[in-house]
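K.L.:
next comes the sequence, and after it the predicted model I'd like to discuss.
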Amino acid sequence: MNRGRGVRKRTAPAKAPETFDEEILAEVHQFFSKVKAYVPPAGGEWTLPDPSVVLCQPNVSHPRLQVLKQSLNEVKDLLSDKDLSIWHQHTCSTNRAGTVTAHLRSTANAELCTQAWAKFYEILGSFQLLPENALKSCELNSIHLCEAPGAFISALNHFLKTNRLHCDWNWIANTLNPYYEANGRGCTITDDRLITHTLPWWFFGFDNTGDILLQKHLLELQRFVSNMTTVHLVTADGSFDCQGDPGEQETLVAPLQYCEAVCALLLLGIGGSFVLKMFTLFEHSSVCLLYLLACCFRSVNIFKPGTSKSGNSELYIVCLDYQAKESVRPLLSKLIRNYGPDLASTTALFPQHCIPKSFLSQHEEICTFFHALQIGTIQENLRLFAHMSVEQRRHLDQLRDCAADFYSKRFNVQYLPRKSWVCRGGVARWVKPSERKQMGSFNQRKEMKLQGWKQRLAQGNHGGFIKGHHVGMEGCEIVLSGPLDECDLGIWFVLEGAALPKVCSSTFCDQELLDFLNEALEENLKLNKPNPMPTCCSCSIDSPVDILSEICSLPDVTSCLVLGSRSWCDRTLEGVKFQPDLLQESFHCEVQDSTLHDGQPDFQLRLLHDVFSALKEQHQGSALVIPLCSAFTRFTAGLVFTLHLCFRYITFRCSSSWPPGALLCVGFVPPSVLPQLLDILWDVMERMRKIKPEQERQVLQFVSLEELLKGSLPRFLSSFNTAVVRQHLHALMQVD
C-alpha cells in the first residue's frame, strides 16, 4: 500500500502553534473559517409568503443549481470503483482535522468524543448560540432532535461546565428508539452508551418508536416540554443511510429536515437558536426551507465545521435570534396539518415566484462556494490516492498536528473531570459490538444487491461462520449464573407501544445476521416454500431427547418440566413432565415462518402464561426447559430475566427440531420476591389480554431497561440468539 494512505500513529505530542510556519497556520485558520451568511438587502426585509400559496405547486428546479449538482455528482462518480474501507482509511489520513477527536479525548477528557461532538463544540465556539436571555436568567432549556448517540448533549455539557456558565440546564432529546425492534438499521443509531444512563430525558413518543416524522409525536413533544419556561436552543442532526443513492442524498433527506425545522419553529421561544444539518443546497426544497428560516431568524449562517470531513456534503445551518414566533403561526399551522414523511417531498413549500431574487442570488453564491470546496477536496484525495510523495505526507502531518492544537486553543477546550460528565460513570454493562461497516466499492455493492441472500451470505463476513457445522454441545459453556439477588421490582413497568410489524433489529443480536435471516424467511414466503428446518447430514446437533437426558442426569436435579407439547420430544423420559398447551404448537409454526419471531403478541402471551404457570409449580432443585425460537425482543428478554431471579443457572442448547433452541433453567431456588414477581406477571397478562387487534398496540417491555442492559444477561441473550440464528440460517442454506 502507498505509504501516503492510512492513519499515522502519533509518537510525540502535537507541536505548539507558534512552532509552525505562517503558511501552515494560515491554511489551518482558513480550514476552520468556512462560513457564509444570508444578508437581507439594505432597506428591505425578506417576508414570509401568505399561507394560502404554501404547498400548492409542484417542486421546480433551478438551472444554475442543477449544473452544480451535476458537476458534483460527476466527480463523486469517480469514487464508484473505490473500495469503501480503503478509501475511508485514505481520506481519514488526508483529513486536516483527522486527529482532533483523539487529541480531545486525551487532553480534555471529552465524554462521547466523536466527530459529532467536535463539530457541535466548534459551532458553540464559533457562534453566540446560547441566547443572552438564557445566560442572564441562569436557565438554559435545549431540545435535541435525531440526537443519538448524544454527542451534541455531551459537547454542550462540556462547554457549559468548562466555561463556567453556571445555569440550570434542562434538556430533552429525541431519536429513533434503538430498542424498538421494528426500527431497522439505515435510520437508527444503535450506540446507546449515553441513552441507557439518561433514559428519562429521551422522548420516544406514544408508540415508543421515536419517529419525529409522525404528527402525533410533534404535538406530544410540544406537551412533553411544556414545563420549560421557554426553549432556548433546538438542534437537529438527523439523516439516514443514503449509500444506495448518494447522488440524491439532499432530496431523500429533505422531508426529515422539513419536519425538524417545523418542530424547531413550533417549540423555540423568542430569541432562540436553531442548528440544522443539511446536505448540499441545490434543490428547490432546500431553497424554500432556507428562505423560511431567513424570514424567521435575525441571522442564518451556512457553516462547514473544520471537523466535518471536507469531502462530504454536510453543512450546518446555524440560525440565531428567533424573531418571527407570532408572524409564522398561520404558516406553521398549515405545515403542521401536512406534517409527515411526505411533507414537501413532491410539492413545493413556496412557489418559485415567492423567493426574492436577492435571496436566490445569495443562495447560488453560497452553493458555488461550498461546491468548490467539496470538489477540490475530492479531487485532491483522488490525486493523493494515486500517489503521495514524502513531502506531501510531511505537509499533511504538519497540518493535522497544527489543526488539533489550533482547535483546542481557538475553541478553548478545557479538561473536564469525569464527575462532571452527563453520565457520571453509571453501572458498567455489556456493550453490543459495533456494526460492521460496508465493504467494497459502490459498484461492487450494487452488484451484490443483485445477488441472492445465499450468495451474499457465503461471500460476506459471516459466510464461514454459517457454513461451519454445528457440534452438539453448543451453549454448554455459556452460563447465566443465578439466582440473581439484586433486583428492584419497584422500577418495573408495563410499556405499550406500536405493534411490531416485523422484528428488524435487536439489542441482543448481531444486526447483519438478523437481516439475512429475515431476508431468507421473506424469500421462502414469497416462493411459498415450506420451512421444515431441514438438517445437514454432516451436522451433529442435539435432539430433544439428548437435551432432556442431559438435564435428568444432573445429580442435583429433582425433576424436569418442559414447556410445550410432547411433539417437541417424541419419547417419554422418567422424571420429565410436559406442560402441554393446545395452542403452543400452532404458534410455534407461525413464528417459524414469520419475521416477527418472538415478537408475535399471541406467542408472547402464551409464553408468558406458560412461564407464570411453571413458576407456580416449581419446587426446590427442579429444572425447566423452554423450547424457544429466539429472544430478540425486550419482552422475551424480560422473561429470561425473570427466570434469572429464580434458578441457580441458565444455559441453552441448539435443537434438531423446531424451535431451534432451548433454554435450560437448572436448580430452582424460590426467591423471596416470588409472590410479588407472580403478581407482576399476572398484571402483564391482564394488560395484554385487554389490547384489541384493531388498536395496533402491543406490550413491548415490562422489565426496566436498566435491568435488561446490565450484568451478564445481554451477553447471554446475544450468545443464544447468535446460536439459534446460525442454526436457522444453516438449515435454510440447505433448501434449494
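P.N.:
Cool, got the structure.

K.L.:
please export the C-alpha coordinates of stretch 412-424 as CSV.
P.N.:
Only the C-alpha atoms of stretch 412-424 are listed here, as CSV (Å, rounded to 0.1, in the frame of the first residue of the first chain):
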residue,chain,number,x,y,z
ASN,A,412,-10.8,27.0,24.5
VAL,A,413,-11.4,23.3,25.1
GLN,A,414,-10.5,22.6,28.7
TYR,A,415,-10.3,19.4,30.8
LEU,A,416,-13.5,18.2,32.3
PRO,A,417,-13.3,15.6,35.1
ARG,A,418,-15.5,12.6,34.8
LYS,A,419,-17.6,13.6,37.8
SER,A,420,-18.9,16.4,35.6
TRP,A,421,-19.9,14.3,32.6
VAL,A,422,-23.6,13.8,31.7
CYS,A,423,-23.0,10.1,32.6
ARG,A,424,-21.0,10.1,35.8
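
K.L.:
please report how far Val300 lies from Leu292.
P.N.:
As for Val300, its distance to Leu292 is 10 Å (criterion: Cβ to Cβ, to the nearest Å). Bear in mind the C-beta positions are built from the backbone N, C-alpha and C, glycine included.

K.L.:
helices or strands next to the helix or strand harbouring Ala102 in the packing?
P.N.:
For Ala102, the host element (DSSP states H and E) is helix 100-107. For helix 100-107, the packing partners by 3 or more Cβ pairs under 8 Å, 6 or more residues apart in numbering; DSSP states H and E come out as helix 115-126, helix 390-410.

K.L.:
out of the ones you listed, which comes closest to Pro544?
P.N.:
helix 115-126 (49.5 Å; Cβ to Cβ).

K.L.:
and that closest one, what does it pack against?
P.N.:
On a contact count with 3+ Cβ pairs under 8 Å, 6+ apart, helix 115-126 meets helix 100-107, helix 151-162, strand 314-322, helix 390-410.

K.L.:
again, only this time at 10 Å
P.N.:
Other elements packing on helix 115-126 under the criterion 3 or more Cβ pairs under 10 Å, 6 or more residues apart in numbering; DSSP states H and E are helix 100-107, helix 151-162, strand 233-236, strand 273-279, strand 297-304, strand 314-322, helix 390-410.

K.L.:
contact partners for Val318?
P.N.:
35, 37, 123, 126-129, 273-276, 297, 299-303 (Cβ atoms under 10 Å, 6 or more residues apart in numbering).

K.L.:
and the closest residue to it other than its chain neighbours, what are its bridge partners?
P.N.:
Excluding the flanking residues, the one nearest Val318 by Cβ to Cβ, 6 or more residues apart in numbering is Asn301, at 4.4 Å. Asn301 has these beta-bridge partners by DSSP bridges: Ala37, Val318.

K.L.:
contacts only, for Asn301.
P.N.:
Neighbouring residues of Asn301 by Cβ under 10 Å, 6+ apart: 35-38, 123, 126-127, 275, 315-320, 366.

K.L.:
before we move on, back to that, got any residues that touch both of Val300 and Leu292?
P.N.:
Trp46.

K.L.:
longest helix in this structure, please.
P.N.:
helix 357-386 (DSSP state H).

K.L.:
returning to that earlier point: and the residue nearest to Val318, how far from Ile123?
P.N.:
Noted for Asn301: a distance of 10 Å to Ile123, by Cβ to Cβ.

K.L.:
what mean pLDDT does stretch 304-320 get?
P.N.:
Per-residue pLDDT over stretch 304-320 has a mean of 97.

K.L.:
kindly check the end-to-end length of that stretch for me.
P.N.:
Stretch 304-320 has an end-to-end distance of 16 Å (Cα to Cα, to the nearest Å).

K.L.:
list the buried residues of that stretch.
P.N.:
For stretch 304-320, burial by neighbour count (16 or more other Cβ atoms under 10 Å) applies to 304-320.

K.L.:
equivalent analysis for stretch 555-568, please.
P.N.:
Those would be 557, 559-565, 568, for stretch 555-568 by 16+ other Cβ under 10 Å.

K.L.:
confirm Ile172 sits in a strand?
P.N.:
Yes - per DSSP: H, G, I helix; E, B strand; the rest coil, Ile172 lies within a strand segment.

K.L.:
that one and Trp201 touch, don't they?
P.N.:
Yes - under the criterion of Cβ atoms under 10 Å, Ile172 makes contact with Trp201 at 6.0 Å.

K.L.:
the two: which is more packed in?
P.N.:
Using other Cβ atoms under 10 Å as the criterion, Ile172 and Trp201 rank with Ile172 on top: 22 against 16.

K.L.:
who touches the more buried one in this structure?
P.N.:
Counting by Cβ under 10 Å, 6+ apart, Ile172 makes contact with 141-145, 147, 153, 200-203, 221, 224-225, 227-228, 231, 267.
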